[in-house]
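Participant: give me the fold of what follows.
(3 chains)
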Amino acid sequence: MLLTVIYIIAITAEAMTGALSAGRRSMDWFGVILIACVTALGGGTVRDVVLGHYPLTWVKHPEYLILTTCAALFTILIANWMKHLRNMFLLLDALGLIGFTIIGSQVAIEMGHGFVVAGVAGVLTGVSGGILRDILCNDVPLVFRRELYASISFAAVVFYWVCLHYINLNLEITVILTLVFGFSLRVVAIYFGLEMPKFIYKEDDESSASSTDDH
Amino acid sequence: MLLTVIYIIAITAEAMTGALSAGRRSMDWFGVILIACVTALGGGTVRDVVLGHYPLTWVKHPEYLILTTCAALFTILIANWMKHLRNMFLLLDALGLIGFTIIGSQVAIEMGHGFVVAGVAGVLTGVSGGILRDILCNDVPLVFRRELYASISFAAVVFYWVCLHYINLNLEITVILTLVFGFSLRVVAIYFGLEMPKFIYKEDDESSASSTDDH
Amino acid sequence: MLLTVIYIIAITAEAMTGALSAGRRSMDWFGVILIACVTALGGGTVRDVVLGHYPLTWVKHPEYLILTTCAALFTILIANWMKHLRNMFLLLDALGLIGFTIIGSQVAIEMGHGFVVAGVAGVLTGVSGGILRDILCNDVPLVFRRELYASISFAAVVFYWVCLHYINLNLEITVILTLVFGFSLRVVAIYFGLEMPKFIYKEDDESSASSTDDH
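Facilitator: Reported below is the predicted structural model:
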């Protein structure tokens, strides 16, 4: 099945980017493995917990956990060499983002949820792993600053939903079209450095800031 | 139903404070929407996940998610104008805190739990949204520093429980009395800048710090 | 039952270390109680949510929540005196780590899961409380930097599994042996300052960093 292959590529790539993040924080090997697994499998975990969709993917298929652990250890070995593969990782990460998004939406659709919940499930699956990684590494999550990252995930859900429910394409063709659509969007966004507009809010007078503000 | 009206006011107000927090961190529009939704709906989500109370509110009623998304976008539009509405927001936030607390306790009571779990459910619902917002914005959660914020949530639970189980008032009157009680407490706390006593712990000798310490 | 006694000692000790962490951040009393409860009961909560093992321990036994709350308040009272008890706390914390690990694995085993999931459940139960504490206090989780902390938790799971499934010892003896094994390992690790190897990853050229990096 195409989605399984993409899922395996995606969790491997995400585990490796997670391991690199942990390495930038000089974590020990255990921390590297944990961050890698959370980055790769955290999105699906958040989705399943929020939808009450038990058992979780990695509980049902512990082999995915072993795979991400091995990917993390492998990353430690070849870290110096990986600097030359940055572009390949960007592409794998883009593939993973769309793959995760499709899988997440599909889970919600199969549980009988409508468009809004399917959209949230897709985006959550696509971006939560990276958010959890950044929280554990004590950063402001990057996903809110990257080139159209989460927005592309959402666009992919809309595209997927339209193909499936309005154009009535079959599931396999929809998956392939959504992958091509989302992947191309992401590549274009990276290439041209496209970004969402930012919302920049500054208090006029910091000293008058009240208790609903964080500063 | 009174609680539904208060719930809708509360999630709208909380979504707007969440959006402002995101704006202070210069997040993009997607980040603003996500932080707004997490601030508004995160408390109920944490409570429902912890109590195993599925489906979650926003999964059952996706319209709430649309409402908080619109509130976030609206906040971006009127941000400059909102500085003059700070006091109104403090009051809406106070109303929301007590409304969330009552709803959270009520969910636990309806599931058959006793006072301790109902209290935790109430406080969790009231304060977790703000805690998650602060974690995502990479701050030490404000709730631990604000004027009696969480303590008032807990006081409201105690008041609610006493009215319902000891004085045997009916549900509607209990809700109204608790709202008035908690809201007044919060307004008094803000006006006089009341705070919980703080626990300040300093090591005598930083260099002797051992592995159970964080520094 | 031995495990219950150890569990009670462990949550009390963890609640007190959590309260001290909150005190270092000058939190108010409510924050101290919340951080103490999360440190003590967060590990089991994460495990139960992830495995769909409802109701959670503290929902079923709210008295544990009362115990950790009292431990937090007690810590505020005796904080100055606790500096002289650092070594005792390190030992109680080690006991707690192994106790939590055994309980976590046992829960997964009783739900019919295999070695990988039991291992994750054990380590999650052992270390997540401390990770959540550090996230709420806005630190990079310490667990990734401490002397073999999480690795000893994992080693204890392996030992436990081997005793139970390969040597076919009975449950009680396995528990005692695992406690002795893990506790000794941890004491040795603290005494000699043993650490996991660290993975340190630096970009050659920060300016060329792309959007998959966090910096």
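Participant: any stretches of chain A with poor pLDDT?
Facilitator: A:140, A:142-147, A:203-215 (pLDDT under 70).
Participant: again, only this time at 50
Facilitator: A:205-215 (pLDDT under 50).
Participant: so where do the helices sit in it?
Facilitator: A:2-24, A:29-51, A:57-60, A:62-82, A:86-110, A:115-136, A:149-161, A:171-192 (DSSP state H).
Participant: out of those helices, which comes closest to chain B?
Facilitator: For chain B, the closest of the helices of chain A is helix A:115-136, at 3.5 Å, according to Cβ to the nearest Cβ. Using the backbone N, CA and C atoms, a C-beta is placed for each residue, glycine as well.
Participant: that closest one and chain C in contact?
Facilitator: Yes - Helix A:115-136 lies within reach of chain C by Cβ under 8 Å from any Cβ of the partner chain, at A:133-136.
Participant: with stretch A:152-167 instead?
Facilitator: No - using Cβ under 8 Å from any Cβ, stretch A:152-167 never reaches chain C; the gap is at least 12.0 Å.
Participant: dump the helices of chain A to JSON lines, plus mean neighbour count.
Facilitator: Formatted as JSON lines, the helices of chain A follow (neighbours: other Cβ atoms under 10 Å in any protein chain shown):
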{"stretch": "helix A:2-24", "mean neighbour count": "22"}
{"stretch": "helix A:29-51", "mean neighbour count": "26"}
{"stretch": "helix A:57-60", "mean neighbour count": "20"}
{"stretch": "helix A:62-82", "mean neighbour count": "17"}
{"stretch": "helix A:86-110", "mean neighbour count": "22"}
{"stretch": "helix A:115-136", "mean neighbour count": "25"}
{"stretch": "helix A:149-161", "mean neighbour count": "23"}
{"stretch": "helix A:171-192", "mean neighbour count": "17"}
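Participant: I'd like those as CSV, with distance to B:Thr174 appended.
Facilitator: Putting these into CSV (distance: least, Cβ to Cβ, whole Å) gives the following:
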stretch, distance to B:Thr174
helix A:2-24, 48
helix A:29-51, 31
helix A:57-60, 41
helix A:62-82, 48
helix A:86-110, 37
helix A:115-136, 33
helix A:149-161, 42
helix A:171-192, 50
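Participant: quick revisit: now the residues of helix A:115-136 next to chain C as a markdown table including distance to A:Lys60?
Facilitator: Shown next, in a markdown table, are these (distance: Cβ to Cβ, whole Å):
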| residue | distance to A:Lys60 |
| --- | --- |
| A:Arg133 | 23 |
| A:Asp134 | 27 |
| A:Ile135 | 25 |
| A:Leu136 | 24 |
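Participant: can I get these in JSON lines with distance to chain B?
Facilitator: Formatted as JSON lines, the residues of helix A:115-136 next to chain C follow (distance: Cβ to the nearest Cβ, whole Å):
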{"residue": "A:Arg133", "distance to chain B": "13"}
{"residue": "A:Asp134", "distance to chain B": "8"}
{"residue": "A:Ile135", "distance to chain B": "6"}
{"residue": "A:Leu136", "distance to chain B": "11"}
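Participant: OK, contacts around A:Leu179?
Facilitator: Each residue near A:Leu179 by Cβ atoms under 8 Å, 6 or more residues apart in numbering or on different chains is listed here: A:6, A:95, A:98-99, A:102.
Participant: go with 7 Å
Facilitator: A:Ile98 (Cβ atoms under 7 Å, 6 or more residues apart in numbering or on different chains).
Participant: ok, the residue nearest to A:Leu164 when sequence neighbours are not counted - contacts?
Facilitator: Using Cβ to Cβ, 6 or more residues apart in numbering or on different chains and skipping the chain neighbours, the partner closest in space to A:Leu164 is A:Thr174 (5.0 Å). Applying Cβ under 7 Å, 6+ apart, we find A:Thr174 in contact with A:160, A:163-164.
Participant: count the residues that sit near the closest residue to A:Tyr54 other than its chain neighbours.
Facilitator: Excluding the flanking residues, the one nearest A:Tyr54 by Cβ to Cβ, 6+ apart is C:Gly52, at 3.7 Å. By other Cβ atoms under 10 Å in any protein chain shown, 16 other residues sit near C:Gly52.
Participant: where's A:Met173 relative to A:Leu179, distance?
Facilitator: Slight slip there: residue A:173 is Ile, not Met. Distance of A:Ile173 to A:Leu179, given as Cβ to Cβ, to the nearest Å: 11 Å.
Participant: please apply the same query to A:Lys202.
Facilitator: 41 Å.
Participant: looking at the helices of chain A, which is nearest to C:Ala155?
Facilitator: helix A:29-51 (11.0 Å; Cβ to Cβ).
Participant: okay, angle between that closest one and helix A:86-110 too, please.
Facilitator: 30 degrees (axes from the mean of the first three to the mean of the last three Cα atoms, to 10 degrees).
Participant: ok now helix A:29-51, how far from the chain's centre?
Facilitator: Helix A:29-51 has its average C-alpha position 10 Å from the chain's average C-alpha position, going by Cα atoms, centre = their mean, to the nearest Å.
Participant: for it, which helices and strands make contact with it?
Facilitator: Using 3 or more Cβ pairs under 7 Å, 6 or more residues apart in numbering or on different chains; DSSP states H and E, the elements in contact with helix A:29-51 are helix A:2-24, helix A:57-60, helix A:62-82, helix A:86-110, helix A:115-136.
Participant: is it true that A:Tyr201 touches B:Arg25?
Facilitator: No - when contacts are counted by Cβ atoms under 7 Å, A:Tyr201 is not listed as touching B:Arg25 (8.8 Å).
Participant: contacts only, for A:Ile103.
Facilitator: Here A:Ile103 is in contact with A:3, A:7, A:125 (Cβ under 7 Å, 6+ apart).
Participant: and the nearest residue to A:Thr45 once chain neighbours are set aside, how far is that from chain B?
Facilitator: With Cβ to Cβ, 6+ apart as the criterion, A:Thr45 has its nearest non-adjacent residue at 5.6 Å, and that residue is A:Leu56. Using Cβ to the nearest Cβ, to the nearest Å, A:Leu56 is found at 13 Å from chain B.
Participant: before we move on, back to that, quick one: the residue nearest to A:Tyr54 and A:His53 touch, right?
Facilitator: No - using Cβ under 7 Å, C:Gly52 is not in contact with A:His53; the gap is 9.2 Å.
Participant: picking that back up, which ones among the contacts of A:Ile103 come in contact with chain B?
Facilitator: For chain B, no contacts are drawn from those by Cβ under 7 Å from any Cβ of the partner chain.
Participant: between the residues you listed, which is nearest B:Gly44?
Facilitator: Using Cβ to Cβ, these come closest to B:Gly44 at A:Thr125, 20.9 Å.
Participant: so that closest one sits against A:Phe100, correct?
Facilitator: Yes - counting by Cβ under 7 Å, A:Phe100 is a contact partner of A:Thr125 at 4.6 Å.
Participant: for A:Ile109, what are its contacts?
Facilitator: A:Ile109 touches A:Ala118, counting by Cβ under 7 Å, 6+ apart.
Participant: picking up where we left off before, shared neighbours, A:Thr125 and A:Phe100?
Facilitator: Jointly contacting A:Thr125 and A:Phe100 under the rule Cβ under 7 Å, 6+ apart are A:Gly43.
Participant: ignoring the adjacent residues along the chain, who's closest to A:Val157?
Facilitator: A:Gly122 (4.2 Å).
Participant: list phi and psi for the residue nearest to A:Thr45.
Facilitator: Dihedral pair for A:Leu56: phi -60, psi 160, per degrees, to the nearest 10.
Participant: the one 5 residues further on now?
Facilitator: A:His61 has phi and psi values of phi -120, psi 80 when expressed as degrees, to the nearest 10.
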